[in-house]
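Asker: Have a look at this prediction, sequence included:
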Amino acid sequence: MDACLLFATELYALPILRPLAAAAQRRGQRVAWVVPAALARYLAADETRLVSRRAVRAFAPQAVFSAANWVPPGIPGAKVQVFHGFNAEKREPERGHFALRGFFDLYCTQGPATTAPFQALARRCRYFAVAETGWPKLDPLFSEDGARAAALRSGDGRPVVMYAPTFSRKITSAYRMYDTLRELVARGDRYWLLTLHPKCEPALFASYRALVGPHAAFYESDRLMDMQRAADVLVSDTSSVLHEFAVQLKPVVTLCNRRPKPFMLDVQDPADIDAAIDRALARPPELMAALRAHAEAIHPYRDGRSSERVLDATERLLAGGYGPLERKPLNLRRRWKAWRDSRALFQG
């Protein structure tokens, strides 16, 4: 593989794809990005953005890696799904993590919990392959020296608590938690790292930024990895971030999680969050055992080499190592929608 294209539509996709880009460049491969204009300002000076279909065709990628649930039609190369999050069970399986939209040739799954269902779908549909690789986004959790994360801690020995809600108005805790968070932050016995999903309303961003001070900091979602490494406990709801955090074997407190699991400390009232954080910081043995079991199921890889496995799986796909695949379904309505949405990505 000589060239690969990285496709992102949201800010949270950049830390997913950057470890993959770095791994490709270490192999001597050319790398370019397709992102909307709103995301372009977050690209580094050495991250090449292609702004026209003509430029994409000239770049001639052999593979396109997507951290969205679609890819722009007409782009050359094998289409590889690397996922924009873990299976947080926000929706029913056929509408959520395991929904098939007919865009991809290869699904690179994160661990046994997702590999088996996608393999069953592949046997039934026969137009895509599945490889369990681990998730590129988590490579820095296990491979970097941690200096960037250490810089986010308070430096005075206080426990560090991260708050990261999801954005869906039906299940987010961001509105219910605000008053409680304001009180807990003001108390000052813990240091808080706050973030919001990029799709949250500007007014909500303004409210949470107003909590910044000696006891709290606010970061956008491109710093999620550093925040997760820095924090001792995560407070969330039904966000997929809680699974990323749990892979580190660090406790998670949730408010009204849609489908609570044994590895979570789930409460139904914001008033109970404080006590749940205390319990999480104590790391009771039964909770830690549940965390370990969950981490092994969703992402057993701790070597920081998931990006390498994604590239290896893609090379195997390009070499025909998964056998002949059938043609992808035509699905004209979905492809028309993807073509319409992709117009915002290209200038010509």
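Answerer: Arrived safely.

Asker: now the residue of the chain most remote from its centre, nearest residue through space, not along the chain?
Answerer: For the chain, the C-alpha farthest from the mean C-alpha position belongs to Arg187; by CA atoms, centre = their mean, that distance is 31.4 Å. In this structure, Arg187 finds its nearest non-sequential neighbour in His215, 7.7 Å apart by CB to CB, 6 or more residues apart in numbering. Backbone N, C-alpha and C define where each C-beta goes, glycine included.

Asker: picking up where we left off before, how close does the residue farthest from the centre of the chain get to Ser207?
Answerer: Arg187 is 18 Å from Ser207, where distance means CB to CB, to the nearest Å.

Asker: Also Gly157?
Answerer: Distance, Gly157 to Ser207, by CB to CB: 29 Å.

Asker: The two: which is more packed in?
Answerer: A direct count of neighbours by other CB atoms under 10 Å for Gly157 and Ser207 places Ser207 higher, at 17 against 7.

Asker: Wasn't that one part of a helix?
Answerer: Yes. Counting by DSSP: H, G, I helix; E, B strand; the rest coil, one finds Ser207 located in a helix.

Asker: show me where the protein has helices.
Answerer: 14-26, 37-40, 53-59, 112-125, 139-143, 147-150, 178-187, 202-209, 224-230, 241-246, 273-282, 285-298, 306-318, 332-342 (DSSP state H).

Asker: Pull out the CA atoms of the first one and give them to me as PDB.
Answerer: These are the backbone C-alpha positions of helix 14-26, laid out as PDB (Å, rounded to 0.1, in the frame of the first residue of the first chain):
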ATOM      1  CA  LEU A  14      -8.900  13.200  14.700                       C
ATOM      2  CA  PRO A  15      -7.500  11.300  17.700                       C
ATOM      3  CA  ILE A  16      -8.900   8.100  16.300                       C
ATOM      4  CA  LEU A  17      -7.100   8.500  13.000                       C
ATOM      5  CA  ARG A  18      -3.900  10.200  13.900                       C
ATOM      6  CA  PRO A  19      -2.200   7.100  15.400                       C
ATOM      7  CA  LEU A  20      -3.100   5.300  12.200                       C
ATOM      8  CA  ALA A  21      -1.600   8.100  10.100                       C
ATOM      9  CA  ALA A  22       1.600   8.000  12.200                       C
ATOM     10  CA  ALA A  23       1.800   4.200  11.700                       C
ATOM     11  CA  ALA A  24       1.400   4.500   8.000                       C
ATOM     12  CA  GLN A  25       4.000   7.200   7.700                       C
ATOM     13  CA  ARG A  26       6.400   5.000   9.600                       C
END
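
Asker: Give me the contacts around that helix.
Answerer: Helix 14-26 is contacted by residues 1, 4, 6, 8, 31, 33, 39, 42-43, 47, 65, 67, 82-84, 135-137, 139-140, 221-222, 224-225, 306-308, 310-311 when judged by CB atoms under 8 Å, 6 or more residues apart in numbering.

Asker: what residues are up against the residue positioned nearest the centre of the chain?
Answerer: Nearest to the geometric centre of the chain sits Gly85, at 3.7 Å (CA atoms, centre = their mean). Shown in contact with Gly85 (CB under 8 Å, 6+ apart): Tyr12, Ser240, Val241, His243, Glu244.

Asker: any idea how far the closest residue to the fourth one other than its chain neighbours is from Tyr12?
Answerer: It stands for His243. Of all residues beyond its chain neighbours, the one nearest His243 is Phe86 (3.7 Å), with distances taken as CB to CB, 6+ apart. Going from Phe86 to Tyr12 by CB to CB gives 12 Å.

Asker: again, but for Arg18
Answerer: From Arg18 over to Tyr12 (counting by CB to CB), the distance is 12 Å.

Asker: Relative to Pro15, how far out is Glu220?
Answerer: 11 Å.

Asker: ok, those two, which is more surrounded?
Answerer: Taking other CB under 10 Å, Glu220 and Pro15 do not tie; Pro15 has more neighbours (21 against 13).

Asker: separation between the more buried one and Ser307?
Answerer: From Pro15 to Ser307 the distance is 12 Å (CB to CB).

Asker: Next: Trp70.
Answerer: From Trp70 to Ser307 the distance is 22 Å (CB to CB).

Asker: The residue nearest to His243: what's it in contact with?
Answerer: Taking CB under 8 Å, 6+ apart, one finds His97, Gln110, Trp135, Ser240, His243, Glu244, Ile298, His299 in contact with Phe86.

Asker: and with 6 Å instead?
Answerer: Residues near Phe86 by CB atoms under 6 Å, 6 or more residues apart in numbering: Ser240, His243, Ile298.
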